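*Asks:* Below are the sequence and a predicted model for it; my questions follow.
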Amino acid sequence: MARASNTRKTASKAAEKPVKGPEEDKTPVINLPRSVSVRQLAEMLDIDAINIIKQLMRNGIMANINQVIDYETAGSIATSFGYKPNLAPIKDQLMASAAEESKRLKRKYGKEAENLVARPPVVTVMGHVDHGKTKLLDAIRKTNVVDSEAGGITQHIGAYQVTIEGQKITFLDTPGHEAFTAMRAHGANITDVTILVVAADDGVMPQTKEAINHARAAEVPIVVAINKIDKDNADPNLVKQQLTEAGLVVEEWGGDTVSVEVSAKEKKGIKELLESVLLVAEMEELKANPNQPAAGVVIEAEKDKTMGPLATVLIQSGTLKEEDTVVVGMTWGRVRAMFNETRKRIKKAEPSMPVEILGLGEVPKVGDTLTAVSDERHAQAILARKRAELEEEALKRKAVNLDNLYDQISTGKVKELNVILKTDVQGSIEPIVSSLERMETDEVKVRIIHSATGNVTESDVMLAAASNGLIIGFNVNANEGARRLATSTGVDIRFYDIIYNLTDDVDKALKGLLEPKLVEVIEGRADVRAVFSAGKGSKAAGVLVNEGRVTRNIPVRVMRGKEVLVESTVSSLKRFKDDAKEVAAGYECGVGVKDFNDFKVGDVLEFYKMEKSGK
Ligand code: GDP
C-alpha cells in the first residue's frame, strides 16, 4: 500500500502493508527485532538519532547512539514517530541477520578472496555476574595445557589460544560485556563468537539479557554454556525456557542456538563446548590473508618499569614479525621482541593470534589499530596524516559553549541551546528551568533536554556531546571521568552557586555580551642588564629582549628567580633616548614599569596578554 511506504523515505524497506480491518488502519507498520541499537532504530525510522535519544529521554531513558534497547522501548519510540511496531518473527530476524552477515563477509573480503586462508575464531565470554565466566575461562585454559605444564604456567596477557582436534581457538580473557562494548565503541568488533554463560541454578538474569542484546547488536553468534550443572538445584530446562523467552531458541527445541551443558567446576562438557564453538565458527567462514603486512587491534597496554611500553595485540590479518616497523594508534615503533601468553618469545604471529609486543615509543590505547609499514619514514607520514585528521575532526566537532554561543547563533549554526541541568536539590530545578526557558529569543530556543539532581556524570557529558548541548551544574561537582570526557569531547560544563549568576551568564551569552574566559599568553621575555634613573625619583630597567617582543602598555610581571615582585603594565618603552612602540627579541631597550622602581640586575620581565579562550 503506497501510503505505508511513502510516509517516510526509507520506511518502505522496513514497513509492511498495514493490516486491513473493517476500518482500515493507515498507520505504517514497522517490523522491529527483539533488540536494536539506537543507531539502527534511527536508520529504520529514517529519523535523526538525536531525536530518538531525545524521545528516549522524555521517556526517562538515558541512551547513547550505540546503546541497545529492547523491543518494548523501541516500539514506544516508533509509536511516537507515527509507526505501529510489530515484533518481527524470529525466523525473519535470523534471516535478516544471515543476509546481513553474508553482505558483511563480501564487504569484508571483496576481491581479496583467493588469497585467504582459514583463521581461528576469536571468542569472548559474557553472562551475568557469578554465573561462572572466570571459572569457565580457567577450565578451558587448563583443559588445554599439557599435563607437564599444568600448574607451572602463568598467563601474562589477557588472551590465550587453545587447540582442540588440531584447530585453534583464541579466547579473550576479559569477561563481561563492558569490555566487549568498549572495544566496539572504538570501532573494533573483534569477536567472532561469544559464549553466553548461564548458571543452571540461577537462570536468565538481567545481565544475561544485556549480553544477548550486545551480541546481537554486534551481529556476533552466540553459543550458550549452561553452567553449574553439577549443582543439585540445577535446572537446565528452565534455563532453556527462559532463553526462548529472551529470543534464543536452543536447537533441540527447534531453534538455531547451540547450547551445551557444562560444569566449569568439575571441568565437564568443556570439550563439547569448544567443539560447538568451532562448529559455529565454521559457518562464519573466518578468513584472513597471512601473506601481507600485519594489521591488528590493541587489547591491552601498559608501561613496564624496565621494558617500557608493552601492548597486547590481536593480529587480525597478515603476519607480524620481529623487527617489523608498526604504527599503533598515535605512536610507532620497531618490534624488538614478541611474546605469547606464557611470555615465551616468538618470532612471528599469524591471524587471530594474541601477542605482546615490545618496542613502541609510547603506550597505545585499548582499541587502537596496529599496521605494519615498510619503514620509519612511512610510519611518520602516516602519523602526521592521522594527527591532521584528528585536528580537523576536533575542529568540526567543536561543541557549543557559552563563549562561542553568540557566534554560533549569528552564523546560524545554533538554533536551539540544549541544556543539561544538574542541581543539588530537586527544589532548584523548577525555578532554574523556568527562568532559562523564559530567555529564548527569536533566533534561539532554550531547551532543557535533561534535568536531575546529583553531580555531573559521564552519561551527562555523553548526552551533551550527542546533542551539541552544554551542561550547567548548580551547587554540584563533576566526577573525574566526566571532566576528562568533557575535555576530550569539547563539552562546556559551567558551575554556579547563585541562580542570578547562572541566568545572567546564559542571558549575556545569548546576546553576545558574555565576557569570554581569558587565558594568559606570554608575548615576550627580557633580562634586566642595568638600572637607571628615569627622573622624578622613578627608575627604569635597561633590558635585553631575549624572546618574543615588548610593546607599550602591555601587562608585565617582574620576576626575581621564582618570585613574582609585581604584576603591572609597561609605562615607558625607549630605544636609546627615543620612545618606541615595539622592541623585538635581540634588541636592548629601556623599560619603565608602572608603580615599580625596585629593579635589580638579573631580574626577568615577562610580558603577557590575556586572550579569549574557547573560540
Ligand atoms: P563470574 O562472575 O561469572 O566470573 O563467576 P565466577 O567464575 O567467579 O564464579 C562464581 C562462583 O560460582 C564461584 O564461586 C565459582 O567457584 C562458582 N562456580 C563457577 N562455575 C561453577 C560450576 O560449574 N559449578 C559450581 N558448583 N560452581 C561454580
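*Replies:* Looks like it came in fine.
*Asks:* Could you list the residues in contact with the strand or helix carrying Pro431?
*Replies:* Assigned by DSSP states H and E, Pro431 belongs to helix 426-437. With contacts defined as Cβ atoms under 8 Å, 6 or more residues apart in numbering, helix 426-437 is touched by 419, 421, 423, 446, 448, 451-453, 472, 474-475, 499, 502-503, 506. (C-beta placed from N, C-alpha, C; glycine too.)
*Asks:* Going along the chain from that helix, find the next helix or strand for me.
*Replies:* Of the helices and strands lying after helix 426-437 in sequence (DSSP H and E), the nearest is strand 445-453.
*Asks:* CA atoms only: put the helix or strand following that next one into CSV for me.
*Replies:* Next helix or strand after strand 445-453 toward the C-terminus (DSSP H and E): helix 458-466. The C-alpha trace of helix 458-466 is given here as CSV (Å, rounded to 0.1, in the frame of the first residue of the first chain):
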residue,chain,number,x,y,z
GLU,A,458,29.9,10.8,32.1
SER,A,459,26.5,9.9,30.9
ASP,A,460,25.5,13.7,31.1
VAL,A,461,28.6,14.6,29.1
MET,A,462,27.8,11.9,26.5
LEU,A,463,24.3,13.2,26.2
ALA,A,464,25.6,16.8,25.8
ALA,A,465,28.1,15.7,23.2
ALA,A,466,25.5,13.8,21.3
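*Asks:* just the angle between helix 458-466 and strand 445-453, please?
*Replies:* 170 degrees (axes from the mean of the first three to the mean of the last three Cα atoms, to 10 degrees).
*Asks:* Check which helices and strands helix 458-466 is in contact with.
*Replies:* Applying 3 or more Cβ pairs under 8 Å, 6 or more residues apart in numbering; DSSP states H and E, one finds that helix 458-466 contacts helix 49-58, strand 416-423, strand 445-453, strand 469-474, helix 480-489.
*Asks:* which ones are touching the closest residue to Glu245 other than its chain neighbours?
*Replies:* Excluding the flanking residues, the one nearest Glu245 by Cβ to Cβ, 6 or more residues apart in numbering is Val204, at 7.5 Å. Neighbour list for Val204: 198, 239, 242-243, 245-246 [criterion: Cβ under 8 Å, 6+ apart].
*Asks:* ok, now Leu370?
*Replies:* Neighbour list for Leu370: 294-298, 311, 313, 320, 326-328 [criterion: Cβ under 8 Å, 6+ apart].
*Asks:* Name only those of the residues you listed that count as buried.
*Replies:* Buried members of the contacts of Leu370, counted by 16 or more other Cβ atoms under 10 Å: 294-298, 311, 313, 320, 326-328.
*Asks:* In strands, which of those appear?
*Replies:* Mapping the buried ones among the contacts of Leu370 onto strands (DSSP state E) picks out 295-298, 311, 313, 320, 326-328.
*Asks:* Check the residues you listed and tell me the two furthest apart.
*Replies:* Within these, two members stand farthest from each other by Cβ to Cβ: Ala295 and Ala311, at 14.1 Å.
*Asks:* Just grab the bridge partners of the nearest residue to Tyr83 once chain neighbours are set aside for me.
*Replies:* Closest residue in space to Tyr83, ignoring its immediate chain neighbours: Ile30 at 4.3 Å, by Cβ to Cβ, 6+ apart. Ile30 forms beta bridges with Ala15, Pro85, as assigned by DSSP bridges.
*Asks:* if I look at Ile30, how far off is Glu219?
*Replies:* 20 Å (Cβ to Cβ, to the nearest Å).
*Asks:* Mind checking which of these two has more residues around it?
*Replies:* Legend: neighbour count by other Cβ atoms under 10 Å for Ile30 and Glu219, higher for Ile30 (26 against 12).
*Asks:* The more buried one reaches Leu87, doesn't it?
*Replies:* No: under the criterion of Cβ atoms under 8 Å, Ile30 makes no contact with Leu87, lying 10.5 Å away.
*Asks:* Where does pLDDT dip in the stretch 401-550 of the chain?
*Replies:* Within the stretch 401-550 of the chain, the ranges that satisfy pLDDT under 70 run 412-413, 466, 513-519.
*Asks:* cutoff 80 now
*Replies:* 401-415, 442-443, 458-459, 462-463, 465-468, 480-481, 485, 487-490, 511-521 (pLDDT under 80).
*Asks:* returning to that earlier point: the helices and strands packed on helix 458-466: which one's closest to Glu389?
*Replies:* helix 480-489 (15.6 Å).
*Asks:* mind listing what the helix or strand just after the closest one pairs with, with the direction of each?
*Replies:* The helix or strand immediately downstream of helix 480-489 is strand 493-496, counting by DSSP H and E. Using DSSP bridges, strand 493-496 pairs in its sheet with strand 469-474 (parallel).
*Asks:* Identify the residues contacting Phe81.
*Replies:* Per Cβ under 8 Å, 6+ apart, neighbours of Phe81: 45, 47, 55.
*Asks:* For those residues, give me CSV that also has pLDDT and distance to Gly254.
*Replies:* Conversion of those to CSV gives the following (pLDDT from 0 to 100; distance: Cβ to Cβ, whole Å):
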residue, pLDDT, distance to Gly254
Leu45, 88, 32
Ile47, 87, 36
Gln55, 90, 37
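*Asks:* Quick check: the residue nearest to Asp507 when sequence neighbours are not counted vs Tyr406, distance?
*Replies:* Closest residue to Asp507 apart from its sequence neighbours, by Cβ to Cβ, 6+ apart: Met439 at 5.5 Å. Applying Cβ to Cβ, the value for Met439 to Tyr406 is 13 Å.
*Asks:* the more surrounded of these two?
*Replies:* Taking other Cβ under 10 Å, Met439 and Tyr406 do not tie; Tyr406 has more neighbours (19 against 16).
*Asks:* ranges for the strands of the stretch 201-350 of the chain?
*Replies:* With DSSP state E, counting those that start in this stretch applied, the stretch 201-350 of the chain shows strands at 222-227, 258-261, 287-288, 295-304, 308-317, 320-321, 325-328, 331-339, 345-346, 348-349, listed in chain order.
*Asks:* closest one to the ligand among those?
*Replies:* For those, the distance to the ligand is smallest for strand 222-227, at 4.9 Å, taking Cβ to the nearest ligand atom.
*Asks:* what about that closest one, distance to the chain center?
*Replies:* 29 Å (Cα atoms, centre = their mean, to the nearest Å).
*Asks:* Now do it: everything it contacts.
*Replies:* By Cβ under 8 Å, 6+ apart, the list of residues contacting strand 222-227 from outside reads 131-132, 135-136, 193-200, 212, 215, 236, 239-240, 243, 248, 250, 257-264, 269, 273, 276-277, 280.
*Asks:* Can you narrow these down to the ones near the ligand?
*Replies:* With Cβ under 6 Å from any ligand atom as the criterion, the subset of the contacts of strand 222-227 in contact with the ligand comprises 131-132, 135, 263-264.
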